[in-house]
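Participant: Pasting the sequence and the predicted model now:
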Amino acid sequence: QTVKTILEWIDEDDNIKGSKVCDAGCGVGSLSLPLLERGADVYASDISQSMVEEARRRAAALSLNGNFEVSDLEALSGSYSTVFCVDVMIHYPDQKMEEMLGHLSSLAEDRLVRCRSRGIPVLGYALTPRTNRSLVLPPRRFSCLC
């Protein structure tokens, strides 16, 4: 449901083609693969080698070319128009959350989209370039996906 809603937002915006995006904590590619199909330049990472291998396998089966790497969130670097972090932050302790959001925000030129599962609402941020300051987005964009 979460990925479906995010993809609906992406389709409404109609500006993902050619955008450089990061799927932080990509798992088996549930979000990365549809982003690749829509023409995004996707860098996707996960801490699990087996998840990354499965994402690569699925991408190859669909003849999609994405960059899938084994990495934890702290090691991510680069600059992306959008950073997605979907259902990953539940694995981080609350005391590290602010620091991690700051790090992910520093990678995003335009926006950071993050979601915590298990009944915790989606939180989205539109970011001013290269800062950690968030702006309020319209409620339709980042409603609860519980």
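Facilitator: Looks like it came in fine. Numbering: from 1, shown residues only.
Participant: And the residue nearest the centre of this structure?
Facilitator: Centroid-nearest residue in the chain: residue 84, 1.3 Å away (criterion: C-alpha atoms, centre = their mean).
Participant: check contacts around it.
Facilitator: 6, 21-24, 31, 113-114 (C-beta atoms under 8 Å, 6 or more residues apart in numbering). (Glycine included, C-beta is placed from N, CA and C.)
Participant: What separation do you get for residue 36 and residue 92?
Facilitator: 26 Å (C-beta to C-beta, to the nearest Å).
Participant: I should have written residue 23 there, sorry.
Facilitator: 17 Å.
Participant: Just want to know which of the two has more residues nearby.
Facilitator: residue 23 (29 against 16; other C-beta atoms under 10 Å).
Participant: So that one, which state does it fall into?
Facilitator: Three-state call for residue 23 (DSSP: H, G, I helix; E, B strand; the rest coil): strand.
Participant: Correct me if wrong: it contacts residue 45.
Facilitator: Yes: Residue 23 lies in contact with residue 45 (C-beta atoms under 8 Å); the separation is 7.4 Å.
Participant: Having no further points to raise, I will conclude here.
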